[in-house]
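Asks: Here is a sequence with its predicted model. Questions after.
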Amino acid sequence: MRAPHKAFDVDLEDDIQVAVACATVAALEPDIIVLDEDCVRSAASNDPVYQLLLARVAAGDWPQQKSQEISCLRPFFGVRDRLAINQDLVTYWVDQGCIHLVIPEDLRRQVAANLHAGHQGLDSMLRRARQSVYWPGIEGDLQHCHAQCTSCDEHAPSLLPEEMILTPPAEYPFQQVVADMFQIEGNVYMVYTDRLTGWLEVAHFPCGATSNKISNHLRSYFSRWGAPEQISTDGGTNWASEEMVAFFKRWGVKVRLSSAQYPQSNGRAEAAVKSAKRLLQENMSKGEALESDKMALAILQYLNTPLREINKSPSQLATGCQLHDGVLMARRHLLVDRYWRRTIRRRELQVAKSQEAKCTLDTTRRLPPIKLGTHVRIQNQATKQWDRTCVVSETKPHRQYTVKLNGSGRLSKRNRRHLRVIAPSPGAPASQHNTSVSPTPIEPVTYSMQDPGIVGRPKRAAGRPKWLQDFI
């Protein structure tokens, strides 16, 4: 493209000044310098590549093929029809009539720092740059500038939650249970809940929750409802002690630990804690014992309240009938339901359906796994800042990682959502910052007519009708 006609010089001068002003941001940091038109022109005069570009645009003698162009000007070959010259500066034109100033190589790092002065994020930097400046590979340079900012890493927003790891629904009551500890006014309590029926048990520890006291309460629950196949806990010290490990081993109970500082991974226990806190706060006076008539009636009322979408209470699901409490009811509700097994089956289907619905939420995102030895930042759950650095030392199930903190060397467990990979610094080996495990390519399966596994025409799979699944 040839240089524009002289009639447009006056308008171009104004546009050039606006472009130069838009390319700079005033800031208080010492490495941010406000650039002007003379500064850009001075840097362009000392840049041999920029001078070659000026000559090429002025002459308009671009070669027919990109391979015929000299190597230093090949990055501009794809936009050669949008380049023009005004006042010894190369400009880049876009369809909307906006003029972008082509920045010499010596000033590109400074312009990128100016665009990042507000620490507004990569998208804001790109939108700002698209209105003012241009050079080949500008998006990659701005992305690198943003990735190297320590302040942005520390104050970055929280990562989006990942898709839930589905727990297979229970087949019978008290097959899968959850347990958690909580405090109210200095008193320690334990909640014990069945995943399938929602049955709730609450225990009080007036003198502290030791492993011995916890096992005593669990032993009474096991003798009343049977030993579960799996129990979910948060992995606290009183749950992970040798005494508790031996206790669960004797009873044949498999322990499922939730991720550290990630209560969503044990959501059923957190929901039970909320219900238990509501019962205790509203029905217990200060210093009153848990074994009181008011508290007992409150728990009975909770157990007799129907669950959503199933219209059956925890007591009906666990025992097949309602429990006699302070609310008058017909006598037939106190009798064992003849369709009890069918109700349990409906509850299983409802639990499975609700779990699938949670996995289809648009607010989740799958985070790539992190390799051992990767440098990461930890999010402080109190301040929500990424103010600690560490190295991944071990990977665990359910998106858990063991990290070694820099400085103290202490080991800590974290969920994947609370770990942000540190961008590699310039010149660092790529092997030290390889963060994700590349997926194994899936080779397409091809069949031939001679394949003995395929005989004749394809047939439709015959199965049991869905409307019969609820009948047992």
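Replies: Structure's in. What do you need?
Asks: Okay, helices next: where are they in this structure?
Replies: Counting by DSSP state H, the chain has helices at residues 9-22, 37-45, 48-59, 105-115, 122-129, 138-147, 150-154, 211-225, 242-251, 267-283, 293-303, 314-319, 340-359.
Asks: Return the residues in contact with Ile422.
Replies: Neighbouring residues of Ile422 by Cβ atoms under 8 Å, 6 or more residues apart in numbering: Asp153, His375, Val376, Arg377, Thr389, His433. Heads up, the C-betas are built off the backbone N, CA and C, glycines and all.
Asks: re the thing from before, out of the helices of the chain, the one nearest Gly326 is which?
Replies: helix 293-303 (5.3 Å; Cβ to Cβ).
Asks: Isn't Gln183 up against His204?
Replies: No. Contact criterion Cβ atoms under 8 Å: Gln183 and His204 do not qualify, at 11.1 Å.
Asks: who touches both of the two?
Replies: In contact with both Gln183 and His204: Tyr189, using Cβ under 8 Å, 6+ apart.
Asks: higher neighbour count, those two?
Replies: Comparing Gln183 with His204 by other Cβ atoms under 10 Å, the one with more neighbours is His204, at 17 against 11.
Asks: List the beta-bridge partners for that one.
Replies: Tyr189 (DSSP bridges).
Asks: my guess is it contacts Glu185, does it?
Replies: No. Here His204 does not reach Glu185: they are 12.0 Å apart, not a contact under Cβ under 8 Å.
Asks: Who are the contact partners of the residue nearest to Phe248 when sequence neighbours are not counted?
Replies: Leaving aside its sequence neighbours, Phe248 sits nearest to Val255 (Cβ to Cβ, 6 or more residues apart in numbering; 5.6 Å). When contacts are counted by Cβ under 8 Å, 6+ apart, Val255 is found next to Gln230, Ile231, Ser232, Thr233, Trp239, Val245, Phe248.
Asks: For Val255, list each beta-bridge partner.
Replies: Going by DSSP bridges, Val255 forms beta bridges with Ile231.
Asks: How much space separates Leu297 from Gly236?
Replies: Using Cβ to Cβ, to the nearest Å, Leu297 is found at 31 Å from Gly236.
Asks: again but with Ala382, I slipped
Replies: Applying Cβ to Cβ to Ala382 and Gly236 gives a distance of 19 Å.
Asks: So which of these two has more stuff around it?
Replies: Higher neighbour count among Ala382 and Gly236: Gly236, with 14 against 6, using other Cβ under 10 Å.
Asks: That one reaches Met181, doesn't it?
Replies: Yes. Applying Cβ under 8 Å, one finds Gly236 in contact with Met181, separated by 6.6 Å.
Asks: Give the residue spans of this structure that score low on pLDDT.
Replies: Filtered on pLDDT under 70, the chain yields the residue ranges 1-33, 96-97, 162-166, 259-269, 285-289, 332-341, 347-348, 351-363, 425-472.
Asks: Figure out how far stretch 200-211 is from the centre of its chain.
Replies: 33 Å (Cα atoms, centre = their mean, to the nearest Å).
Asks: Pull out the buried residues from it.
Replies: Using 16 or more other Cβ atoms under 10 Å as the test for burial, stretch 200-211 gives Leu200, Glu201, Val202, Ala203, His204, Phe205, Ala209, Ser211.
Asks: Max pairwise distance over these: which two?
Replies: Leu200 and Ser211 (22.4 Å).
Asks: coming back round to it: now for the contacts of Val255, which sits with the most neighbours around it?
Replies: Ser232 (24 neighbours).
Asks: got the end-to-end distance for stretch 79-87?
Replies: 20 Å (Cα to Cα, to the nearest Å).
Asks: Name the residues of it that are buried.
Replies: Arg80, Leu83, Ala84, Ile85, Asn86.
Asks: could I get those residues as CSV with distance to Leu115?
Replies: Listed next are those as CSV, based on distance: Cβ to Cβ, whole Å:
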residue, distance to Leu115
Arg80, 25
Leu83, 22
Ala84, 23
Ile85, 24
Asn86, 23
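Asks: Out of the residues you listed, list just those in strands.
Replies: Leu83, Ala84, Ile85, Asn86 (DSSP state E).
Asks: Out of those, the closest to Leu290 would be?
Replies: For those, the nearest to Leu290 is Leu83 (79.8 Å; Cβ to Cβ).
Asks: pretty sure that closest one is touching Val90, no?
Replies: Yes. With contact defined as Cβ under 8 Å, Leu83 counts as touching Val90 (5.8 Å).
Asks: Identify the contacts common to these two.
Replies: Leu53, Val57, Val102.
Asks: quick one: the last one and Asp88 touch, right?
Replies: Going back to what we said before, that points to Val102. No. In terms of Cβ under 8 Å, Val102 does not count as a neighbour of Asp88; the distance is 11.7 Å.
Asks: Please say which of these two ends up with more neighbours.
Replies: More crowded of Val102 and Asp88, by other Cβ under 10 Å: Val102, with 24 against 13.
Asks: Distance-wise, check the more buried one relative to Phe77.
Replies: Distance from Val102 to Phe77, by Cβ to Cβ: 14 Å.
Asks: now swap in Asn216 and tell me
Replies: From Asn216 to Phe77 the distance is 79 Å (Cβ to Cβ).
Asks: neighbour-wise, which of those two wins?
Replies: Phe77 (16 against 12).
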